[in-house]
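Engineer: Quick one, fold the following:
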Amino acid sequence: MRKQIIGLTACLAGLCFSGCRDVVLSTSLNDHILFSGTKTRLSLEECSLVFLDFQTRYNLYYENLGETDFWKEKAGESDFSDYLRDGRIKEELCTLVLLNDMASGLGVTLTDEERSACQAAAADYYGSLSDEEKSYIQSDESKAASLYEKYRIAQKTIDELCSGINTEVSDNDKRVMILQLIAAPSYEEIEQAKERISSGEDFESVAKEVSRFSQIEYQVSRGTLNPILEETAIYMSDGEVSDIIQTEQNYYLICCVDDFDEVLSSENESQVFGKLRYATWSQSFTSYAKEHTVGISEEIWENLHFYQTTAFTSDDLYETYDRYFCNSN
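Structural biologist: Numbers count the residues shown, from 1 in each chain. Coordinates of the predicted model:
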């Protein structure tokens, strides 16, 4: 399966979003406006910048794996390039249009300082493009600035939708535990393992000999473990061994190695908060998307393709944005 390189809207949201499948598309646009919402327009030139960014990042990722012909590989009934265009990129651009449309109703606007930062980011990004890349996108620095303004408004719209949530993540929600597991297909086998451990044998040694799975130790956070096992594991302390637990497939024993790994729990905090933000803003966004139309010039869209060259080496569109706005939230 091909890696999904997430776009800038998904980065701003913290998670990949797929709500634009409910958007109705039309064909009533002119030769230069590719996407149109209630108030927001995306030009062909702006969209071409997004195409270039996706192409550059996919090229880099697969070149590092030694693959060069991935654009022409099949993804279902389509070439991978068409699959990416009609799936992830169309979704990215629809999301951008709708978030900008929502902004006016929420009173979200840009400050003069933010507009200046968008212009500076655009100058940086456009300055990184080769002549070949500029020829491909048929765009200019002003279109890059306009695109960055739309992404900045999208980010501020998401922030506004999330303004009421508690920014603190509890220790219990962010907690990552280190567990060792023994899985056996029969009660008799797991009971024998339990007796050996109770007699003083090392849990891990018994697990390596008895467990039907080669992996013994796991890093576990809330929602990542079988709920039947999690119900027991979440209340365990360092060094504790559980009673026998039965699931639909196996019988288990759990040993809690660490009930709160400080480093992993700290790293997990941003993931937990990102999921909370996503759950908060996506509910309002999905409701809005179901009631509002995004128009698209289908004829232009069908003729918009990746250049399919590995010569594109521009800066990352999001990383350039991030340099100017990552400390402003």
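
Engineer: How are the helices of the stretch 101-250 of the chain distributed by residue range?
Structural biologist: For the stretch 101-250 of the chain, the helices defined by DSSP state H, counting those that start in this stretch occupy 112-127, 131-137, 141-161, 171-174, 187-198, 203-210, 227-233.

Engineer: okay, those, which one's buried deepest?
Structural biologist: helix 141-161 (a mean of 22; mean count of other Cβ atoms under 10 Å). Every residue, glycine included, has its C-beta placed from N, CA and C.

Engineer: remind me which residues of the stretch 51-200 of the chain are low pLDDT?
Structural biologist: 68 (pLDDT under 70).

Engineer: go with 90
Structural biologist: 54-84, 87-88, 91, 104, 130, 132-133, 135-139, 164-173 (pLDDT under 90).

Engineer: sorry, back to before: now the helices of the stretch 101-250 of the chain as CSV including distance to residue 315?
Structural biologist: Below are the helices of the stretch 101-250 of the chain laid out as CSV (distance: least, Cβ to Cβ, whole Å):
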stretch, distance to residue 315
helix 112-127, 6
helix 131-137, 10
helix 141-161, 11
helix 171-174, 33
helix 187-198, 55
helix 203-210, 47
helix 227-233, 43
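
Engineer: which helix of this structure spans the most residues?
Structural biologist: helix 262-291 (DSSP state H).

Engineer: And the average pLDDT for it is what?
Structural biologist: The average pLDDT for helix 262-291 rounds to 88.

Engineer: so which of the helices of the stretch 101-250 of the chain comes closest to residue 72?
Structural biologist: helix 131-137 (18.1 Å; Cβ to Cβ).

Engineer: how distant is the closest one from the center of its chain?
Structural biologist: 28 Å (Cα atoms, centre = their mean, to the nearest Å).

Engineer: who touches that helix?
Structural biologist: 45, 48-49, 51-52, 126, 129, 307, 309, 311-312, 314 (Cβ atoms under 8 Å, 6 or more residues apart in numbering).

Engineer: before we move on, the earlier item: adjacent strands (with direction) for the helix or strand following the longest helix of the chain?
Structural biologist: Moving toward the C-terminus from helix 262-291, the next helix or strand (DSSP states H and E) is strand 295-296. When pairing is defined by DSSP bridges, strand 295-296 lines up against strand 33-36 (antiparallel).

Engineer: Could I get the phi/psi values of residue 40?
Structural biologist: Backbone torsions of residue 40, given as degrees, to the nearest 10, read phi -100, psi 140.

Engineer: Done for today, thanks.
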